[in-house]
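K.L.:
okay, predicted coordinates and the sequence, questions at the end:
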Amino acid sequence: MSSILELQNLKKYFATQKAVDDISLAVERGQIFGLLGPNGAGKTTLIRMITGIFYPDEGQITFDGKKFDPINDVGHIGYMPEERGLYKKMKIGEQAMYLAQLKGLSKADALKKIKQWFIKFEMESWWNKKVEDLSKGMSQKLQFVTTVLHEPKLIILDEPFSGLDPVNSNLIKDEIFSLAKNGSTIIFSTHRMEQVEEICDHIALVNRGKKILDGTVKEVKQEFKENLFSVGIDHELSSVNGITPFEIVGKKKDLHIIKINEGSKPNDVLQYLLNQQTTIHSFNEILPSLNDIFIKLVEGTPAARQFQKI
Amino acid sequence: MKKIWLIIKREYLTRVRKKTFIISTLLFPILWIALIFGMGYLAKESVVNLKVAVIDSSGYFSAERLSQQNAIDKSSTLIPITTNADKIIADHKKEGYDGYIVIPAMSWKTGTDELLLKSNKSYGSSSTTIVEAKLNRMWNEIKNDSLQIDAVKQEILTGSRIKLKSENINDKTANVKTAEGIGYACGFLIYFILLIYGSQVMMGVMEEKTNRIAEVIVSSVKPFQMMLGKILGIGLVALTQFFLWIAFVLIIYNVGKFSGAGGGMANQLVGTMQSMFTGVDVPLILFCFAFYFLGGFFFYASLYGAIGSAVNEDMREAQSLSFPITMLVILSIALMSSTIANPTSPIAVWASIIPFSSPIVMMARIPFGVPNTVPWWQLGLSMASLVLGFMITVWFAGKIYRTGILMYGKKPSWKEMIKWAFRKN
């Protein structure tokens, strides 16, 4: 697998803030890549550089093995910004045609693909309606279609599920999986960590213009695990300092939450419990949720970063 | 290039297909004609047919003379009063008169400087001048009779007059009045187009910004292409409307000309147009009009576009930022008036060369004649500086646009916007 997108030491400074301050990362082909970060972390600026809207002050972007060429490569990128935008007074069919042709599709090609997508999303009857007649969820679906219509190699979705009901969320989610399976790469930016855990293969966390975390979801969880286990046994458990290889940190119904001491292994705990002549019902590792990791890493960031002088 | 073309097409079609475009295209000439005829009608309506009592002590204004004049001119009635004059002076309204005139005893040689039309309410000068003219006609008759001047002598006295007309022997131009008229018409048309279509560009950009479609579009095309496409598209809409109006005028002209008995209004129009345009270099004026109209439009529309990109949805912000630009257009109109009064004054020459005012001022000068009132070098310099001017404003606006279109929050000042323009990417 080769990288579809590589960022090397990317920098973008604005008058009052270092929006992106030396970020490097690589996105593999076919990956669903989660780009995470608190509000104002520099995600949007980073995305705007990848979509050719901004030029980086420093650093290099490599797209599909070549130096990024904003004029030609934007045809292979689909971008759905967080703030949705469509012409309110324009008919939906014409609007989709217009946006598709701006991405470089021929008229016939655009028409064919729009029809396919409209059938898939049950939007055929919308063609002559105007965007102002649509509900928020409906226009979101239209926005998604116009983003992926030209079969981009790289799809960037900023909060794609906001405002969607569970049924439509699932529809889009399935579409994201199938696009990735068919070779598109997806960069997915969101604050909803449960969606990231469900969807993303790989994540990067950005804060204050810097990348502070990068890895697969599994790696990241392993990295931040605190050796916590939940133990279900018949009788009360107590820890004795220096004797038990663990500490009890809490209790949830019948389960004891334990933290394994440094230098000990889970098997040591099991060994200890077996020696206690008790029945073990369950023994599970507790991995941190991405939400916990996110909060842990980002907590304490001053909210008014954008007003700092650099 | 293909993408700019797509943008132009969208901007053009969405506007031309709107009902408001069709309605305004049809309504503008109709309103214009209605205004001209309506004003004439209203002016006529406000004239009151006055019934005036004449109390004559001079003995010249006899009952016979008055009734003779009343028969000729029915737009006022003068009634001689021989008895009960006091009653009328006490209350002329009650006696059924709108007012009364007391003519004192006087000699026909010296006459009197003024007479008073006394009434209990004021009448407009258009009504009283009718009475005044009637009195003067009679006074002339009285003097003629006393001097024993008969109708033949009278004809000799008043018949021949010397008229002085000015004619510029170098220029192929009509009389000054026509040149003034064409100058005003062209200047005001460009003025309206700059303001109306300039603000359409501004609103269009604001719409894209507040709808947040801008970010989607700039991920496909460069902001500069997006702005240029919008300006060109809307410029084409203005041009379309202009051509439709010309077609409208030509149709009326030809229908009136060939139908012959096309009725009063059409015939009148054909007559005035024929006499107006004799000696006018119509092709040159049309070419220059199209040039200055487009050049001026690019010059101002790009600035309006830049403002649209800088503000948020608040119309007041847009108005306060665009005020200096609108002032420039209005200043051009002020300069146009002084230009028409004296088309070769230094102010007129320079105002017609400097790009911000040249679209309006030069169009007011050209009807006076090329190349004598406007030498070729001035026309050439003016056109070249307008092209250079709009290239600079389009470039400048593009820089502001690029930053502004994705910037939300506080309204920037002009100072900040200029800073954006000179910032690297």
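P.N.:
Received the coordinates, thanks.
K.L.:
and the residue in chain A that chain B sits nearest to, its phi and psi?
P.N.:
Closest contact between chain A and chain B, by CB to the nearest CB, is at A:Gly85 (3.3 Å). Where you see a C-beta, it was placed from the backbone N, CA and C, and this is true even at glycine. Main-chain torsions, A:Gly85, degrees, to the nearest 10: phi -150, psi 130.
K.L.:
can you give me the strands in the stretch 51-200 of chain A?
P.N.:
For the stretch 51-200 of chain A, applying DSSP state E, counting those that start in this stretch gives strands covering A:58-63, A:66-67, A:77-80, A:154-158, A:185-189.
K.L.:
for chain B, tell me whether the first one is touching it.
P.N.:
No - under the criterion of CB under 8 Å from any CB of the partner chain, strand A:58-63 makes no contact with chain B; the nearest approach is 12.0 Å.
K.L.:
helices and strands around that strand, which ones?
P.N.:
strand A:3-13, strand A:18-28 (3 or more CB pairs under 8 Å, 6 or more residues apart in numbering or on different chains; DSSP states H and E).
K.L.:
one more pass at 7 Å, please.
P.N.:
If contacts are counted by 3 or more CB pairs under 7 Å, 6 or more residues apart in numbering or on different chains; DSSP states H and E, strand A:58-63 sits against strand A:3-13.
K.L.:
go through the strand it packs on and flag the buried ones.
P.N.:
A:3-7, A:10-13 (16 or more other CB atoms under 10 Å in any protein chain shown).
K.L.:
over to stretch A:90-109?
P.N.:
Neighbour-count burial for stretch A:90-109, counted by 16+ other CB under 10 Å, picks out A:90-105.
K.L.:
among those, which ones lie close to chain B?
P.N.:
A:90, A:98-99, A:101-103 (CB under 7 Å from any CB of the partner chain).
K.L.:
from the residues you listed, which land in helices?
P.N.:
Among those, the members found in helices (DSSP state H) are A:98-99, A:101-102.
K.L.:
how about those in CSV, adding pLDDT?
P.N.:
CSV is the format used below for those (pLDDT from 0 to 100):
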residue, pLDDT
A:Tyr98, 94
A:Leu99, 93
A:Gln101, 93
A:Leu102, 92
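K.L.:
that older thread, and the two most separated of the buried residues of stretch A:90-109?
P.N.:
With distances taken as CB to CB, the most widely separated pair in the buried residues of stretch A:90-109 is A:Lys91 and A:Gly104, at 21.7 Å.
K.L.:
next up, the contacts around B:Tyr304.
P.N.:
B:198-199, B:201-202, B:322, B:325 (CB atoms under 7 Å, 6 or more residues apart in numbering or on different chains).
K.L.:
let's go with 10 Å and repeat that
P.N.:
Contacts for B:Tyr304 (CB atoms under 10 Å, 6 or more residues apart in numbering or on different chains) come out as B:194-195, B:197-205, B:231, B:234, B:297, B:318, B:321-322, B:325-326, B:397.
K.L.:
just the buried residues of the strand or helix carrying it, please?
P.N.:
Under the criterion of DSSP states H and E, B:Tyr304 resides in helix B:282-310. By neighbour count on 16+ other CB under 10 Å, the buried set for helix B:282-310 is B:285, B:288-289, B:291-310.
K.L.:
with distance to A:Gly37 and mean pLDDT added, can I get the strands of the stretch 51-200 of chain A in CSV?
P.N.:
Listed next are the strands of the stretch 51-200 of chain A as CSV, based on distance: least, CB to CB, whole Å; pLDDT from 0 to 100:
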stretch, distance to A:Gly37, mean pLDDT
strand A:58-63, 18, 92
strand A:66-67, 26, 91
strand A:77-80, 17, 92
strand A:154-158, 12, 93
strand A:185-189, 8, 93
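K.L.:
right, so of the ones you listed, which gets closest to B:Ile340?
P.N.:
The nearest among the strands of the stretch 51-200 of chain A, by CB to CB, is strand A:77-80 at 54.1 Å.
K.L.:
partners of that closest one, with directions?
P.N.:
According to DSSP bridges, strand A:77-80 forms sheet pairs with strand A:154-158 (parallel).
K.L.:
show me how far the partner strand is from its chain's centre.
P.N.:
Computed by CA atoms, centre = their mean, to the nearest Å, the separation of strand A:154-158 from the middle of its chain amounts to 10 Å.
K.L.:
just stretch B:73-86 next, same as before
P.N.:
On the basis of CA atoms, centre = their mean, stretch B:73-86 sits 43 Å off its chain's mean C-alpha point.
K.L.:
what's the burial count for the spatially closest residue to B:Asn120 that is not a sequence neighbour?
P.N.:
The shortest distance from B:Asn120 to any non-neighbouring residue, by CB to CB, 6 or more residues apart in numbering or on different chains, is to B:Lys93 (5.7 Å). The tally of other residues near B:Lys93 (other CB atoms under 10 Å in any protein chain shown) stands at 12.
K.L.:
my guess is B:Lys93 contacts B:Lys121. True?
P.N.:
Yes - with contact defined as CB atoms under 10 Å, B:Lys93 reaches B:Lys121; the gap is 9.0 Å.
K.L.:
so what sits against both of those two?
P.N.:
B:Gly99.
K.L.:
quick one: B:Trp97 is in a strand?
P.N.:
Not Trp; residue B:97 is Tyr. No - using DSSP: H, G, I helix; E, B strand; the rest coil, the assignment for B:Tyr97 is coil, not a strand.
K.L.:
so it sits against B:Ala85, correct?
P.N.:
No - B:Tyr97 is beyond contact range of B:Ala85, at 11.6 Å (criterion: CB under 10 Å).
K.L.:
between those two, what contacts are shared?
P.N.:
B:Ala53.
K.L.:
which of these two has more residues huddled nearby?
P.N.:
Taking other CB under 10 Å, B:Tyr97 and B:Ala85 do not tie; B:Tyr97 has more neighbours (19 against 15).
K.L.:
where's that one relative to chain A, distance?
P.N.:
65 Å (CB to the nearest CB, to the nearest Å).
K.L.:
tell me, what's the model's pLDDT at that residue?
P.N.:
Looking at B:Tyr97, its pLDDT is 87.
K.L.:
and what of B:Tyr300?
P.N.:
94.
K.L.:
that one contacts B:Ile330, correct?
P.N.:
No - B:Tyr300 is not in contact with B:Ile330 according to CB under 10 Å; the separation is 11.9 Å.
K.L.:
joint contacts of those two?
P.N.:
Listed as contacting both B:Tyr300 and B:Ile330 by CB under 10 Å, 6+ apart are B:Leu195.
K.L.:
quick one on the thing from earlier: output the ones next to chain B among the buried residues of stretch A:90-109 as a markdown table; include the columns distance to B:Ala133.
P.N.:
Formatted as a markdown table, those follow (distance: CB to CB, whole Å):
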| residue | distance to B:Ala133 |
| --- | --- |
| A:Met90 | 64 |
| A:Tyr98 | 68 |
| A:Leu99 | 73 |
| A:Gln101 | 72 |
| A:Leu102 | 72 |
| A:Lys103 | 77 |
